[in-house]
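Colleague: Let me see the structure of the following:
(2 chains)
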Amino acid sequence: MEIVHVYMKLRGEFGRQCLLSDRPVELLVDFPPNPSLGLQFIQKTPRDQAVQACTDTSEHQVNTERFESDSCGINHVEGGWPKDVDPGEMEQTIRFRKKVEKDEGYMNTLLQLGSVMEHCIRQNNSVDIYQLYFEDEVDVEESQDPPSAKTINVFRDPNGVKRTITGLSWHPDGGRKMAAAYSCLEFQKASRDMSLDSYIWDVEYPKRPEMTLKPISSLVCLDYNPKDPHTLVGGSYSGQIAYWDTRRGSHPVELSSVEQSHRDPVYKIIWLQSKTGTDAFSASTDGQVLWWDVRKLSEPTERLVLDPGREGNLDRALGAISLEFEATMPTKFMVGTEQGLIVSCNRKAKTPSEKIVCTYDGHHGPVYALQRNPFFPKNFLTVGDWTARIWSEDIKDSSIMWTKYQMSYLMDACWSPVRPAVFFTVKTDGVLDVWDILFKQNDPVLSFKVSDKALYSLRVQDNGRLVACGSEQGEATLLEICSGLSTLQKNEKSLLAAMLERETKREKILEARQREIRLKERSRSEQSREDEISRDEGQESPEQLMGRAEKDFYSMVETEQRRRREREDETQREKDVCEEKHVKEETETH
Amino acid sequence: MAEVEETLKRIQTQKGVQGIIIVNSEGIPIKTTLDNSSTVQYAGLIHQLVMKARSTVRDIDPQNDLTFLRVRSKKNEIMIAPDKDYFLIVIQNPSD
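Modeller: Just a heads-up that it's a prediction; the model follows:
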């Protein structure tokens, strides 16, 4: 049954029906734009607004750490023997071989290969296909390449605190190894955790030093023994000398005693030529040159004090900074000093005072390097202050040739062992200069910027092509010089000999002239003095001299005063005369 | 068997021949006239060289193949005749 709700309403109670009609458009509200409001805003046209929803990213460059690679080879000694054959067992290998030989494939192959091979062998025997024609004309005029140098390797100090490379020495046999001495020469700059080690590097392997040398105090210089390439001698910062044998490890085999050694860092140590091959000598700024026998380093065999007064007085001694020794002249040697003097000495002199033969007054500052020309031993090269100078042994007053003053201090130099006219210098601005005095004397032939740090040491290898320089931050750079600078040019020796002779003669003439002038002056002053002496009867004591000086002075003052008085009187008299004349005139006119 | 011996002897008696080595494809020296250490060294090194040379020739032209390899050095000449399974290596010091 449906539930229905009935709702009833009379029609008359609904009300009137709505009647809709059209009406015209009627503006109700109008808001005009208000330009004054626009002045509150800044016009910005055009405007770019990028809208993007993404994460912010940035670009970054990262360099991975230099990884150390080690190349080593594995030599497979035995070939790939099959599993059942044991290569150690002779029987099994022989059996295997015999089996192979019986194989038919083997025989056929071999016959075929044999015939091919025979053909080639016979070919080789009949005609030499690699014969060199025109062999004599191989040395054609070398192309005039501009001189160049190329960095081959850089050996960095593996320690955290970098030290200066103060000494370098090449291995005597072929120069595959190089020993470098590391130390910090700045006074009291050496921190406590600075490593004392020095290293021997293999030229081909710059990642890791081949051997470490562990001295008691850091090494300032070292030298390989030219006779025995396993032994080295080094001079240290404490003044002691240490002797190493590379076969026996990193610690020095012998060390000199502290009391008998130098009192200042040993700046240079060189092996000597001797029958036993165990002699070396060292120099230091305490003014001594000591000779040692490395078998007994407890005390030096000989001692020389570099006193220019030749009295062996240690207080007045000159500090030595470089040494020079040439194997062809074993009795003579030269020392470069801190004061700029170069002292030439004779080892075989009878008395200590005669040991010092002569001195050359060279530089304004310490003579950092000193080396004789390997082809012309009478001439030597020195470097100090801002110049490099070439000297001749005979001329003591000045060098025969010198470079102009450079922009930065020169720290080390050496001659090229193959070309007599070429030498290398390094400077504190990190530049290696190669000078060829036959080609150009004003400027170096090649200036090569090795590094940004100062270069402290330099060594040329015996073949003349490889040059090692050591910098302040412990980097040793190995450079190869172009062949033009490392091969002997024709006539070079004779040309250089002529040049050196010419310069020597020039200096000699200048020296002779100086001497003449001096003699003349001296004779003139002697003459005048003789006259005075004849007046004053004999030598005068200082008081008499002073008395005479006073007398002269007072007499001069008196004469001057008198003269002035006279002048005044004259002018006064003139004035009086004028006045009188005036008065006279006046009275006359009256 | 005898022919092989004869061939080898003929090669051996040629002027300037210093040594002969026969190596199989795995690098095992089968027959040699040199001492053991040199043989082993030659076998190992030359095997690699021949593989490299062969692959080079074939990479350039796949239809081509290596027939002979000569390595001339300052002191002597090494001649290698390769095959699928064996190599014949002869070291000769040519006459000059």
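Colleague: which residues in chain B form helices?
Modeller: Along chain B, the segments classed as helices by DSSP state H run B:2-12, B:36-60.
Colleague: typo on my end, it should be the stretch 251-400 of chain A
Modeller: Ranges of helices in the stretch 251-400 of chain A, per DSSP state H, counting those that start in this stretch, are A:352-355.
Colleague: Around the residue of it found nearest chain B, count how many other residues there are.
Modeller: The stretch 251-400 of chain A approaches chain B most closely through residue A:374 (30.8 Å), counting by C-beta to the nearest C-beta. Every residue, glycine included, has its C-beta placed from N, CA and C. The number of residues packed around residue A:374, counting by other C-beta atoms under 10 Å in any protein chain shown, is 17.
Colleague: Next, the contact list for the closest residue to chain B within the stretch 451-590 of chain A, please.
Modeller: For the stretch 451-590 of chain A and chain B, the shortest gap (C-beta to the nearest C-beta) falls at residue A:463, measuring 19.6 Å. Residue A:463 is in contact with A:175, A:417, A:418, A:486, counting by C-beta atoms under 8 Å, 6 or more residues apart in numbering or on different chains.
Colleague: among those, who's most crowded?
Modeller: Result: residue A:486 is most packed of the contacts of residue A:463 (other C-beta under 10 Å), 21 neighbours.
Colleague: just checking, that one touches residue A:464?
Modeller: Yes: counting by C-beta atoms under 8 Å, residue A:486 touches residue A:464, with 4.2 Å between them.
Colleague: shared neighbours, those two?
Modeller: Once C-beta under 8 Å, 6+ apart is applied, the residues that residue A:486 and residue A:464 both contact turn out to be A:416, A:418, A:419.
Colleague: Model confidence for the closest residue to residue A:471 other than its chain neighbours, exactly?
Modeller: Here the nearest residue to residue A:471 in space, its sequence neighbours aside, is residue A:453; by C-beta to C-beta, 6 or more residues apart in numbering or on different chains that works out to 4.6 Å. The confidence metric pLDDT takes the value 87 at residue A:453.
Colleague: quick one, phi/psi of residue A:453?
Modeller: For residue A:453, the backbone dihedrals (degrees, to the nearest 10) come out as phi -90, psi 160.
Colleague: Burial check on it, number of neighbours?
Modeller: 16.
Colleague: Quick one: residues contacting it.
Modeller: With C-beta under 8 Å, 6+ apart as the criterion, the residues that contact residue A:453 are A:430, A:471, A:472, A:473, A:475.
Colleague: Among the residues you listed, which one has the most neighbours?
Modeller: So for these (other C-beta under 10 Å), the most neighbours sit at residue A:471, 24 neighbours.
Colleague: Phi first, then psi, for it.
Modeller: In terms of degrees, to the nearest 10, the main-chain angles of residue A:471 are phi -110, psi 180.
Colleague: show me where the stretch 1-150 of chain A has strands.
Modeller: Counting by DSSP state E, counting those that start in this stretch, the stretch 1-150 of chain A forms strands over residues A:149-155, given from the N-terminal end onward.
Colleague: Can you tell me the closest non-neighbouring residue to residue B:42?
Modeller: In this structure, residue B:42 finds its nearest non-sequential neighbour in residue B:21, 5.6 Å apart by C-beta to C-beta, 6+ apart.
Colleague: what do you get for residue A:155?
Modeller: Of all residues beyond its chain neighbours, the one nearest residue A:155 is residue A:476 (4.3 Å), with distances taken as C-beta to C-beta, 6+ apart.
Colleague: next one: residue B:89
Modeller: For residue B:89, ignoring the flanking residues on the chain, the nearest one in space by C-beta to C-beta, 6+ apart is residue B:21 at 4.4 Å.
Colleague: what's near enough to touch the one you found?
Modeller: Applying C-beta under 8 Å, 6+ apart, the residues near residue B:21 are B:29, B:31, B:32, B:33, B:34, B:39, B:42, B:43, B:88, B:89.
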